[in-house]
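> give me a 3D structure for the following:
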Amino acid sequence: MFKKTHRLAQLAAALLLTSSVGMTSAAQPLKAAFVYVTPVLDAGWTRQHEDGRKAMQAALGAQVQTKAVDNVAEGADAERVLRDLAASGNQLIFTTSFGYMEPTLKVARDFLNVKFENLTGYKRTENVATANARHYEGRYLSGIAAARASKTGVAGFVAGFPIPEVLQGINAFALGMRSVNPKAQVRVIWLNNWFDPPREREAAMALFNQDVDVVAFQVASTAVMQAAQERGKMAIAFHSDMRKVAPEAQLLAVTHRWGKYYEQRARAVLDGSWKSQDFWGGVKDGMVGVEGFGPKLSKSARDEVLMREKQMAKGQLVPFAAGKQAVRDNTGAVRIPAGTSLTDAQILEMNWLAEGVIGALPR
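Here you go, the predicted model:
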């Protein structure tokens, strides 16, 4: 009888210990890490992700513990950082650059219990999800503003790498301009780099010497905006509102807001519903928008852009759609037949430059 009673007491103690461990585990915050390709600046791509991280932290409070590692080069350095983050107990890791895609996949294979989210990539596995913003929607709207403000009808674009996302932006910008001014042109300079402020500035200055009076860009610093401010020209801010560095030059900002997405994905890990997926959010999702209107954009142009943004949110305005006339590339080939629009799959594989874009894809 003593042995039986002693055994029951042992079982009760074990159950109590297991219960206590479960309670402790449940009370532990979700550890989430973010990896950034550039330093955290006052504005730009990385700033928006950092703001998104802070918004997620604020929304979830003690349920989440976040960490960010910035200025991580793509490639071997990224793999090293990711391995360290995964090994140190982070359960959810956001990698915020296209160039992190392969390192993310490689590390994810060795840490199947960790959830990874690669921003702007396209390859997924059971524990690697992808997400991106429909940047091109904001680009189209900014093209309308650029055409309304430009005196020369010639805009410039300082571009990082010729990946589909950047080509989408250039083409949507050109199509937005040409919806207002059918003869508008967009001159492109390729940098083959995401973050090189001196070269970004140099490219903007070179464009201003070629009849360009308004410039857009897809690189990571504010150098293009500062160049426009210095030269008395106009610029479209990207990722963030950049009026702080270009108060007179900024026409508007195409901004991206990641906080809601980060919060949703963290909640999914917390409640056990997280699944690998590909999410592509745009104007209707609140992930892309236009704001930060500057003094050189007329009120009528501002109202027009905001009206078109509302139409886009309702699905009434589609950037990559052809009306009665086909959309052609800058070699004359038809890319969007009259009366049709591109599918998401076609947009994601974009490898051409629209009519009106002066330049070629780097070889």
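
> gap between the nearest residue to residue 85 once chain neighbours are set aside and residue 328?
Leaving aside its sequence neighbours, residue 85 sits nearest to residue 33 (CB to CB, 6 or more residues apart in numbering; 4.5 Å). All C-beta atoms are positioned from the backbone trio N, CA, C, and that covers glycine. To residue 328, residue 33 is 45 Å away according to CB to CB, to the nearest Å.

> more neighbours: those two, which one.
Neighbours per residue (other CB atoms under 10 Å) separate residue 33 from residue 328, with residue 33 holding more: 25 against 16.

> right, and that one touches residue 90 too?
Yes. Between residue 33 and residue 90 there is a contact under CB atoms under 8 Å: 4.2 Å.

> need the residues touching each of these two.
residue 67 (CB atoms under 8 Å, 6 or more residues apart in numbering).

> for stretch 207-220, buried residues please.
By neighbour count with 16 or more other CB atoms under 10 Å, stretch 207-220 contains the buried residues 207, 208, 212, 213, 214, 215, 216, 217, 218, 219, 220.

> ugh, wrong one, stretch 355-362
355, 356, 357, 359.

> just the CA atoms of that stretch, as PDB, please.
This file holds the C-alpha atoms of stretch 355-362, laid out as PDB (Å, rounded to 0.1, in the frame of the first residue of the first chain):
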ATOM      1  CA  GLU A 355       7.600  52.300 -74.400                       C
ATOM      2  CA  GLY A 356       8.900  55.700 -73.400                       C
ATOM      3  CA  VAL A 357      11.700  54.300 -71.200                       C
ATOM      4  CA  ILE A 358      15.100  55.300 -72.500                       C
ATOM      5  CA  GLY A 359      17.600  52.700 -71.600                       C
ATOM      6  CA  ALA A 360      18.300  49.000 -71.800                       C
ATOM      7  CA  LEU A 361      18.600  46.100 -69.400                       C
ATOM      8  CA  PRO A 362      22.200  45.500 -68.200                       C
END
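
> so how far is that stretch off the chain centroid?
Centre-to-centre, stretch 355-362 and its host chain are 23 Å apart (CA atoms, centre = their mean, to the nearest Å).

> next one: stretch 135-143
Relative to the mean C-alpha coordinate of its chain, stretch 135-143 is positioned 13 Å out (CA atoms, centre = their mean).

> what does that stretch contact?
In contact with stretch 135-143 (CB under 8 Å, 6+ apart) are residues 155, 165, 168-180, 216, 218, 236, 251-252, 254-256, 282-283, 288-290, 305, 308-309, 312, 317, 319-320, 347.

> and the nearest residue to residue 335 once chain neighbours are set aside, what does it touch?
Leaving aside its sequence neighbours, residue 335 sits nearest to residue 329 (CB to CB, 6+ apart; 5.1 Å). Residue 329 makes contact with 335, 352, 353, 354, 355, according to CB under 8 Å, 6+ apart.

> give me the buried entries from these.
335, 353, 354, 355.

> as a markdown table, those residues with distance to residue 232 would be great.
Shown next, in a markdown table, are these (distance: CB to CB, whole Å):
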| residue | distance to residue 232 |
| --- | --- |
| 335 | 36 |
| 353 | 29 |
| 354 | 28 |
| 355 | 30 |
